[in-house]
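Undergrad: Structure of the sequence below:
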Amino acid sequence: MGNVGEDPGKRPRLHMFTGSMAPWHTIVDGLPRHEAYPAEFDTEAIVERPVLEAETSGAVGGSCLCGTVAFEFDEPPLRMYNCYCSRCRRAASAAYQTILRVHRSGFRWLAGADNITGYRLPGTRFQCAFCRTCGSLTPWARDEQFCVPAGSLDGDPGMRPSGNIFTGSRAAWTVVDESLETWPEAKRE
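TA: Model prediction:
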């Protein structure tokens, strides 16, 4: 739905697979929650992808869907936020993209760095990187930091999103977590 620009006139009616929900994610609406498929789907649960462990003790690891690309970081993250801009929604095909920023000095590729390709929207700072094999979003470098799509994490970063940015361009069907600081555009630091 992140790729749909217009209001479809429908709203989400339930959450599924909450049993494997990321530890940093919070559901902020009152919709029914299902740990796997709801009974009405009459199908078996999807087999989870393998979780790759970080190689360094105390590091947080991450990987792509197929496991070709793997990384870790062992310095505390700088910040974590939810971006509702139309570019992030399209890149992640979701309501928003949660990004974790980490210092370049604490970040390491463990495998598959040569299997990453990227896209930079001409005339902008917007970019994304992804695995050539499975298409999963992967980290990308920006200045002295790495931008890590939180959905690629295999471990808990020990941090939760601190804010929402670009809520002024959010999708009509999106519910924003109002307990976080919220900016209609980018937060200036």
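
Undergrad: show me the contacts for Asp74.
TA: Asp74 is in contact with Ala54, Thr56, Gly58, Ala59, Val60, Gly106, counting by Cβ atoms under 8 Å, 6 or more residues apart in numbering. (Each C-beta comes from the backbone N, C-alpha and C, glycine too.)

Undergrad: For the second one, which non-adjacent residue is spatially closest?
TA: Taking Cβ to Cβ, 6 or more residues apart in numbering as the measure, Thr56 lies nearest to Asp74, with 5.4 Å between them; neighbours along the chain are not counted.

Undergrad: what's the spacing between that neighbour and Met1?
TA: Remark: distance between Asp74 and Met1 (Cβ to Cβ, to the nearest Å) = 35 Å.

Undergrad: So which residues make contact with the longest strand along the chain?
TA: When the chain is parsed with DSSP state E, its longest strand is strand 97-103. Strand 97-103 is contacted by residues 24-25, 73, 75, 77-83, 88-89, 91, 137, 144-151, 153, 157, 159, 161 when judged by Cβ under 8 Å, 6+ apart.

Undergrad: Same check on stretch 111-129?
TA: Stretch 111-129 is contacted from outside by 64, 68-70, 87, 91, 130-133, 137-140, 142, using Cβ under 8 Å, 6+ apart.

Undergrad: 6 Å - rerun?
TA: Stretch 111-129 is touched from outside by Thr68, Val69, Ala70, Arg87, Ala91, Cys131, Arg132, Thr138, Trp140, with contacts defined as Cβ atoms under 6 Å, 6 or more residues apart in numbering.

Undergrad: cool, and stretch 75-89?
TA: Defining contact as Cβ under 6 Å, 6+ apart, one finds that stretch 75-89 is touched by 2, 96-98, 100-103, 106, 126, 157, 159, 161, 163-167, 169-170.

Undergrad: returning to that earlier point: the contacts of Asp74 into CSV, with extra columns for secondary structure, distance to Asp42 and pLDDT?
TA: Converted to CSV, these look like this (DSSP: H, G, I helix; E, B strand; the rest coil; distance: Cβ to Cβ, whole Å; pLDDT from 0 to 100):
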residue, secondary structure, distance to Asp42, pLDDT
Ala54, coil, 38, 82
Thr56, coil, 44, 88
Gly58, coil, 43, 90
Ala59, coil, 41, 94
Val60, strand, 37, 95
Gly106, helix, 46, 95
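
Undergrad: Could you give me the ChimeraX syntax to select whichever of those are buried?
TA: Command for ChimeraX that selects the buried part of the contacts of Asp74, burial taken from 16 or more other Cβ atoms under 10 Å:
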select :54,59,60,106
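
Undergrad: Among the contacts of Asp74, which one sits closest to Gly9?
TA: When the contacts of Asp74 are ranked by distance to Gly9 (Cβ to Cβ), Val60 comes first, at 39.8 Å.

Undergrad: Now Cys85, what are its backbone angles?
TA: In terms of degrees, to the nearest 10, the main-chain angles of Cys85 are phi -60, psi 160.

Undergrad: And the pLDDT at it?
TA: Listed pLDDT for Cys85 reads 85.

Undergrad: Good, wrapping up.
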